[in-house]
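Undergrad: Prediction below, plus the sequence it came from.
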Amino acid sequence: MEFIILGFADLPDLQIFLFLLFLVIYITTVAGNILVMVLIVADQHLHTSMYFFLGNLSCVEICYTSTILPRMLARLLTGDRTISVSGCITQIYFFGVLAATECYLLAAMSYDRYLAICKPLNYSALMNDRFCLQLEAGSWLNGCLATTIFILVMSQLIFCGPNEIDNFYCDVIPVIKLACSDTHWMVLLDFILAGIFTLPPFLLTLTSYVCIIATILRIPSTMGRQKAFSTCYSHLIVVTIYYGTIMSVSMLPTLDILTVLKKVLSLCYTVLTPLVNPSFTA
């Protein structure tokens, strides 16, 4: 009926310190991203496609970190590490929707920067308001649809054996491995969906930035190169942190000695990315 999320149980002397640390991170993340959204809405000069995507990314980051950190803070404060099966699946659902949405949103932002730098004469015509809304809506709809299908299948699993999750949130693979029934097809489905929602956006982002860097290097003046690069370096840093850590966790083998490393890397894409996004945006 419930799982036990081990989290940072192996660090009993640091529970209060970790609570205060993550509390500050959560407040800073939410406040910073809300400030970005307010500034974009209030300032008419920021009503462009680039800032439209940044505002939407801030909204996703707020929801993203709110899916993980409040429960983690409650566990650190109270010591109660239990979570119901339905609560765990609900967390997986929202985490999956937001992670998939962020992947495609980051790809849309890289395509926007590609058009702005490599196709400046056609930028306004190509990246119009309607196309921006279509990219944003498509990111959300794809994330919701795929995750809903996965969760509907996952909800049919029966859990009757071990119930400990050695992570700080309900991660998909550790939860699936706790099921009593055959889960090979579930692992395969997770692998396929993860590939669909990470590989194409990553390749699009990588291709866009290869073209962007090649174009910037052809700009004759140093000032021109700096101005062009300044419009995309913050997005590039966020993309590097997000994709670098999430792909590292996916590729690491399932070994007990790598559990701590996986937790640290998971913190990067669940906690660090939403935290640094407002800083680089500013």
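TA: Nice, I can see it.

Undergrad: Give me the pLDDT value at Ile92.
TA: Looking at Ile92, its pLDDT reads 91.

Undergrad: That one: which element?
TA: helix 85-118 (DSSP states H and E).

Undergrad: Enumerate the strands of the stretch 151-282 of the chain by residue range, in sequence order.
TA: Shown for the stretch 151-282 of the chain, the strands assigned by DSSP state E, counting those that start in this stretch span residues 164-165.

Undergrad: which residues does the residue positioned nearest the centre of the chain contact?
TA: Taking C-alpha atoms, centre = their mean, the centroid of the chain lies closest to Ala99, which sits 4.3 Å from it. Applying C-beta atoms under 8 Å, 6 or more residues apart in numbering to Ala99 gives the contacts 64, 143, 197, 246. Where C-beta positions appear, they are placed from N, C-alpha and C, glycine not excepted.

Undergrad: Same check on Gly143?
TA: Per C-beta under 8 Å, 6+ apart, neighbours of Gly143: 96-101, 104, 197.

Undergrad: swap in Leu145?
TA: Leu145 neighbours (C-beta under 8 Å, 6+ apart): none.

Undergrad: mind starting the numbering at 38 from now?
TA: Sure thing, new numbering starts at 38, so read that last one as Leu182.

Undergrad: Would you mind getting the angle between the helix or strand containing it and helix 122-155?
TA: If you go by DSSP H and E, Leu182 is part of helix 166-191. Interaxial angle, helix 166-191 versus helix 122-155 (axes from the mean of the first three to the mean of the last three C-alpha atoms, to 10 degrees): 150 degrees.

Undergrad: tell me how far helix 166-191 is from the chain's mean position?
TA: Relative to the centre of its chain, helix 166-191 is centred 14 Å away, using C-alpha atoms, centre = their mean, to the nearest Å.

Undergrad: likewise stretch 218-231?
TA: For stretch 218-231, the distance from its own C-alpha centre to the chain's C-alpha centre is 21 Å (C-alpha atoms, centre = their mean).
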